[in-house]
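**Q** My questions concern the predicted model and sequence given below.
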Amino acid sequence: MRHKYPKYTHGFIDHDGTPRFYLRLPGRKRVPLPGLPWSPEFMEAREKALKGDWTAPELGSSRTKAGTVNAALVSYYQSSAFTDGLASSSQRMRRAILERFREEHGEKRIALLHKKALQAILSKKSPAAAANWRKALRGLIDHCLSLDTLTTDPLVGVKLVSVKSNGHHPWGPEECSQFEAHHAIGTRARLAYELLLQVGQARCDVVRMGRQHVRNGVLSLQRQKTKVPFDVPVMPALQEAIDAMPSSNHLTFLVTARGEPFTAAGFGNWFRQVCNEAGLPRRCTTHGLRKAAATRLADRGGTTTELMAWFGWKTASEAERYTRSADRKHAAANAGKKLISGTGIGKSEIQFAKIDNK
């Protein structure tokens, strides 16, 4: 009967008939262990060996020189800050940027990275691209600072041109009505639209939603990007769109023409096509419906806490962008009422009418 050895133990019988045992990890020299597996002397020696420098080799470490940008990137890609701290989509985007950085500077010493060099690199980018590059480099530099391969932060003092943009365009009532008029209840396009607008989540979350996520009229899921859970009541318009679709055994509400689940990118491309069919401009995107949902809730008195819970936001600043805008609208409306009623601010409508008559 074959005995089970402790983890990383390799054993064999040599040509003299003597059993030999070694502690063996990938990429490391084997360490001979005395006695028999599980014996006190064996386990003590094994424990000492494990407490030594037995970390797994970094990917590509044999092809990089210590202290270079290449080596720093190899280390960063395997750090918890990168693998656990970033969503898979963020990992792909930032890795693409860092690989372009590596192509030009991979053999240079990471300790010599300074503010002037980074400023020159980022100044050549468009404002939006420079902001993305700074985010990607921020993670690498923080990792290097934690390992003391950098002693000062070269990003301190780097100036970027501010991006003057409000982001994705939130759909207006006319655009929503135009889509609804073209894509009736019972179509796949209308169901996708109602999921985006009524639940108000990103496309990577919408493509994962299915009947198994609905309990007692509440759709519960965890955001893929931030891992923040949300519990959203299924609104009547969404329930009507779900009930109008043919029954199926699919685990997601939305499937491709082949009956397969959408990828986030594939769904975005397909939804662009159905928007084109409805005659909507390119500014009408899936994320624009998420913003429309947040705007609608804030305009109807939704608080910062309510918006954070509904849309799965981690910080209050994201929700406050919408509540501040709604507060301004309400404040302006109240100011208009004061003007009309003649409460001391300006002239009332009656006074203006008298002047016009004269």
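**A** Alright, I've got the coordinates.
**Q** SS state for residue 20?
**A** Three-state call for residue 20 (DSSP: H, G, I helix; E, B strand; the rest coil): strand.
**Q** In the chain, what helix or strand scores lowest on average pLDDT?
**A** helix 349-357 (a mean of 51; mean pLDDT, DSSP states H and E).
**Q** hang on, isn't residue 304 packed against residue 316?
**A** Yes - contact criterion C-beta atoms under 8 Å: residue 304 and residue 316 qualify, at 5.3 Å. For the C-beta atoms, the positions are set from N, CA and C on the backbone; glycine is no exception.
**Q** who's more crowded, the two?
**A** residue 304 (18 against 13; other C-beta atoms under 10 Å).
**Q** could you list every residue that touches that one?
**A** Residues near residue 304 by C-beta atoms under 8 Å, 6 or more residues apart in numbering: 316, 319-320, 323.
**Q** residue closest to the middle of this structure?
**A** By C-alpha atoms, centre = their mean, the chain has its centre lying nearest to residue 225, at 3.3 Å.
**Q** which residues of the stretch 251-358 of the chain score low on pLDDT?
**A** Applying pLDDT under 70 to the stretch 251-358 of the chain flags residues 341-358.
**Q** For it, just list every one of the helices.
**A** 264-277, 286-299, 304-311, 316-341, 349-357 (DSSP state H, counting those that start in this stretch).
**Q** right, and these - which one's nearest residue 152?
**A** helix 316-341 (28.8 Å; C-beta to C-beta).
**Q** Flag every buried residue along the closest one.
**A** 319-323, 326, 339 (16 or more other C-beta atoms under 10 Å).
**Q** again with stretch 222-234
**A** Residues of stretch 222-234 classed as buried: 223-224, 230, 232, 234 (neighbour count, 16+ other C-beta under 10 Å).
**Q** export the contacts of residue 304 to a markdown table and tack on distance to residue 43?
**A** A markdown table is the format used below for the contacts of residue 304 (distance: C-beta to C-beta, whole Å):
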| residue | distance to residue 43 |
| --- | --- |
| 316 | 52 |
| 319 | 55 |
| 320 | 57 |
| 323 | 61 |
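**Q** Pick the one among those residues closest to residue 266.
**A** residue 319 (29.8 Å).
**Q** my read: that closest one touches residue 313, true?
**A** Yes - in terms of C-beta under 8 Å, residue 319 counts as a neighbour of residue 313; the distance is 5.7 Å.
**Q** residues shared between the contacts of these two?
**A** residue 307.
**Q** Count the residues that sit near residue 147.
**A** Residues near residue 147, counting by other C-beta under 10 Å: 12.
**Q** re earlier: so which of the buried residues of stretch 222-234 sits lowest on pLDDT?
**A** pLDDT is lowest at residue 224 among these; the value there is 87.
**Q** sec struct for it, please.
**A** Using three-state DSSP, the structure places residue 224 in coil.
**Q** who's in contact with it?
**A** Counted by C-beta under 8 Å, 6+ apart, residue 224 has contacts 87, 89, 202, 204-205, 208.
**Q** what residue ranges in the stretch 51-200 of the chain score low on pLDDT?
**A** If you take pLDDT under 70 as the line, the stretch 51-200 of the chain has these spans: 52-64, 163-166.
**Q** Now do the helices in it.
**A** 69-77, 80-83, 88-105, 115-123, 127-146, 173-182, 188-194.
**Q** wait, which of these is closest to residue 244?
**A** Of all the helices of the stretch 51-200 of the chain, it is helix 188-194 that lies closest to residue 244, at 7.8 Å by C-beta to C-beta.
**Q** Now stretch 176-194: buried residues?
**A** Applying 16+ other C-beta under 10 Å to stretch 176-194 flags 176, 178-180, 182-183, 188-194 as buried.
**Q** So what does the residue nearest to the centre of the chain have for phi and psi?
**A** Note on residue 225: backbone dihedrals following degrees, to the nearest 10 are phi -80, psi -50.
**Q** measure it to residue 253 for me?
**A** The gap separating residue 225 from residue 253 is 20 Å, by C-beta to C-beta, to the nearest Å.
**Q** One more: residue 97?
**A** Noted for residue 97: a distance of 34 Å to residue 253, by C-beta to C-beta.
**Q** which one of those two has more residues nearby?
**A** Just comparing residue 97 and residue 253: by other C-beta under 10 Å the higher neighbour count belongs to residue 253, 25 against 17.
**Q** isn't that one right next to residue 194, touching?
**A** No - assessed by C-beta under 8 Å, residue 253 is found out of contact with residue 194, at 9.6 Å.
**Q** Now do the shared contacts for the two.
**A** With C-beta under 8 Å, 6+ apart as the test, residue 253 and residue 194 reach no residue in common.
**Q** Relative to residue 80, which of the contacts of residue 304 is nearest.
**A** residue 316 (26.4 Å).
**Q** Now do the contacts for the closest one.
**A** Residue 316 touches 304, 308, counting by C-beta under 8 Å, 6+ apart.
**Q** Ok, residue 301 next?
**A** Contacts of residue 301 (C-beta under 8 Å, 6+ apart): residue 326.
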